[in-house]
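A.B. asks: Need coordinates for the below:
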Amino acid sequence: MFETLSKKLQGVFRELARKGTIREADVDGALREVRLALLEADVHYQVVKTMLAQVRERALRPEVSRALNPAQQVVRILHEELVAALGEPARLALSGPVPRPVVLVGLQGSGKTTTAAKLARLLRQRGERAWLVAADTYRPAASDQLMILGNQIDVPVHISGGDDPVERSVSGVDAARRGGATVVILDTAGRSQIDKPLMDELRAIRRRVDPTEVILVADAMTGQEAVNIAQGFHEALRLTGIILSKMDGDARGGAAISMRATTGVPLKFIGTGEGLEALEDFEPDRLASRILGKGDVLSLIEKAEASIDRASAERQASRLMSGEFDLVDFADQLQQVQRMGPLGKILELLPAGMRLPAASLDGELAEKQLKRTQAILRSMTDAERQRPDILNGSRKRRIAAGSGTSVQEVNLLLRQFRQMRGVLKQVGRRGTAALPPGMR
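C.D. replies: As a prediction, this is how the structure comes out:
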């Protein structure tokens, strides 16, 4: 997400930072490159024009040129204008009588059904009793897909009520009320914003169920067309929010910047992967930081807190520093890292400077290596994981055969484990002075 845009902007900033003082011509030259980068990323031209005019006006003020690091001041100004274009953080309006209906709308193929399940999962984690309603009666197997997803996240799915989407929506909300739900999410059929009969159907659903939210699920990969789609749905339905799906794909990201600025409809969530856990609150400040290569350390911390058991981590840290850390602890740590999500996605959250040493890593290859390491560890007995020193030649051959690896790979894992344990045991005795210079 935003990888190409971020790299181009980083290049502009590095060139600007080489100059001791910044003149008007330097600002204009830098903003020209920023303009091209934003337009190539599918940001709407009017949004680019307005935003960069503000940046230029602020960057040429006397206090900026007198600053100790004027280049950093220009980056700060661009960050602030990006945040302003992205809008204020917006949350779901979950107030009023229960159940509170949330209607998801959008084009066919935008990812509404999967997004409905992701949203239900997220709201259940936050203490809501969520229900799903399969209000798409046109697409073959749409109800079956939602039922499968609902079973995966243990959320009830309403599929009865006939083939009329309006009546099924009404019966779904009634069933959710009887079932004690606090939120009911309606997955409607995909349609074009210029398809009048289907838009009339959505208007009827809105009138009958009186939703607290009408949210457009927009595919980020549609580029600038996403803006036209949002405007069409907003004019017909008075949208209350937008969810940008497929932000993990080949999306150039401009829709995220454009849609809020052009429609006035707030972005509420972004879909960052195929997994049902891959839905994030839209945070303008964090997204602007990612675009400018500053990373998103807060999101990284939140992922860690959600995935890593605190008591287990504290126990492992104590064992690690005392030299008692064994392969059982190591295997547990790998599982907790894996729960945070794909390694490539984790690296994206790091600031550009920290990300550079890992830039040569192949995320897919790293994932495969992690799985091979876990396979080796799972092929060991409990005794072998607790006392790796008992691993002789015959045991290693058995482990290699059981994990589909080689004895050399088993030996490499053991060697790396012993080196890590040795270094950290010294740290436990002597503090960070025991670390190699590059790790302090």
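
A.B. asks: now the strands for this protein?
C.D. replies: 100-105, 130-135, 157-158, 183-188, 213-219, 241-245, 267-271, 279-281 (DSSP state E).

A.B. asks: Of all these, which one is nearest residue 336?
C.D. replies: strand 279-281 (19.7 Å; CB to CB). Every residue, glycine included, has its C-beta placed from N, CA and C.

A.B. asks: What helices and strands are in contact with the closest one?
C.D. replies: Counting contacts by 3 or more CB pairs under 8 Å, 6 or more residues apart in numbering; DSSP states H and E, strand 279-281 is packed against helix 112-125, strand 267-271.

A.B. asks: Now render these as JSON lines, adding mean neighbour count, distance to residue 385 and mean pLDDT.
C.D. replies: Formatted as JSON lines, those follow (neighbours: other CB atoms under 10 Å; distance: least, CB to CB, whole Å; pLDDT from 0 to 100):
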{"stretch": "helix 112-125", "mean neighbour count": "23", "distance to residue 385": "32", "mean pLDDT": "96"}
{"stretch": "strand 267-271", "mean neighbour count": "24", "distance to residue 385": "38", "mean pLDDT": "91"}
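
A.B. asks: could I get the strands of the chain as CSV with distance to residue 414?
C.D. replies: Below are the strands of the chain laid out as CSV (distance: least, CB to CB, whole Å):
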stretch, distance to residue 414
strand 100-105, 51
strand 130-135, 46
strand 157-158, 48
strand 183-188, 49
strand 213-219, 47
strand 241-245, 43
strand 267-271, 40
strand 279-281, 38
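
A.B. asks: Quick one, which of the ones you listed gets closest to residue 60.
C.D. replies: strand 267-271 (30.6 Å).

A.B. asks: And the closest one, how far out from the chain middle?
C.D. replies: Centroid displacement of strand 267-271 relative to its chain, using CA atoms, centre = their mean, to the nearest Å, is 9 Å.

A.B. asks: strands paired with it, and their directions?
C.D. replies: strand 241-245 (parallel), strand 279-281 (antiparallel) (DSSP bridges).

A.B. asks: Packing partners of the longest helix along the chain?
C.D. replies: Longest helix in the chain by number of residues (criterion: DSSP state H): helix 407-430. If you count contacts as 3+ CB pairs under 8 Å, 6+ apart, helix 407-430 packs onto helix 310-322, helix 363-378, helix 393-403.

A.B. asks: Where among the ones you listed is average confidence lowest?
C.D. replies: Ranked by mean pLDDT, the helices and strands packed on helix 407-430 bottom out at helix 310-322, with a mean of 62.

A.B. asks: quick one on the thing from earlier: centre of the chain to the longest helix of the chain, how far?
C.D. replies: So, by CA atoms, centre = their mean, the centroid of helix 407-430 is 33 Å from its chain's centroid.

A.B. asks: again, but for stretch 171-184
C.D. replies: 29 Å.

A.B. asks: Show the end-to-end separation of that stretch, please.
C.D. replies: Taking CA to CA, to the nearest Å, the first and last residues of stretch 171-184 lie 11 Å apart.

A.B. asks: That stretch: which residues count as buried?
C.D. replies: Within stretch 171-184, the residues that qualify as buried are 171-173, 175-176, 181-184, counting by 16 or more other CB atoms under 10 Å.

A.B. asks: Please name the residues that touch residue 174.
C.D. replies: Residue 174 makes contact with no residue, according to CB atoms under 8 Å, 6 or more residues apart in numbering.

A.B. asks: Please put the alpha-carbon coordinates of the longest helix of the chain into PDB.
C.D. replies: Extracted C-alpha coordinates of helix 407-430, given in PDB (Å, rounded to 0.1, in the frame of the first residue of the first chain):
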ATOM      1  CA  VAL A 407      19.800 -32.300   8.400                       C
ATOM      2  CA  GLN A 408      21.800 -29.200   7.400                       C
ATOM      3  CA  GLU A 409      18.700 -27.000   7.900                       C
ATOM      4  CA  VAL A 410      18.100 -28.600  11.300                       C
ATOM      5  CA  ASN A 411      21.800 -27.900  12.200                       C
ATOM      6  CA  LEU A 412      21.500 -24.300  11.000                       C
ATOM      7  CA  LEU A 413      18.400 -23.700  13.200                       C
ATOM      8  CA  LEU A 414      20.200 -25.200  16.200                       C
ATOM      9  CA  ARG A 415      23.300 -23.200  15.600                       C
ATOM     10  CA  GLN A 416      21.400 -19.900  15.300                       C
ATOM     11  CA  PHE A 417      19.400 -20.700  18.400                       C
ATOM     12  CA  ARG A 418      22.500 -21.400  20.500                       C
ATOM     13  CA  GLN A 419      24.100 -18.200  19.300                       C
ATOM     14  CA  MET A 420      21.000 -16.200  20.200                       C
ATOM     15  CA  ARG A 421      20.700 -17.800  23.600                       C
ATOM     16  CA  GLY A 422      24.400 -17.200  24.300                       C
ATOM     17  CA  VAL A 423      24.300 -13.500  23.400                       C
ATOM     18  CA  LEU A 424      21.100 -12.900  25.400                       C
ATOM     19  CA  LYS A 425      22.500 -14.800  28.400                       C
ATOM     20  CA  GLN A 426      25.400 -12.400  28.400                       C
ATOM     21  CA  VAL A 427      23.000  -9.500  28.200                       C
ATOM     22  CA  GLY A 428      21.200 -10.900  31.300                       C
ATOM     23  CA  ARG A 429      24.500 -10.800  33.200                       C
ATOM     24  CA  ARG A 430      26.200  -7.600  31.800                       C
END
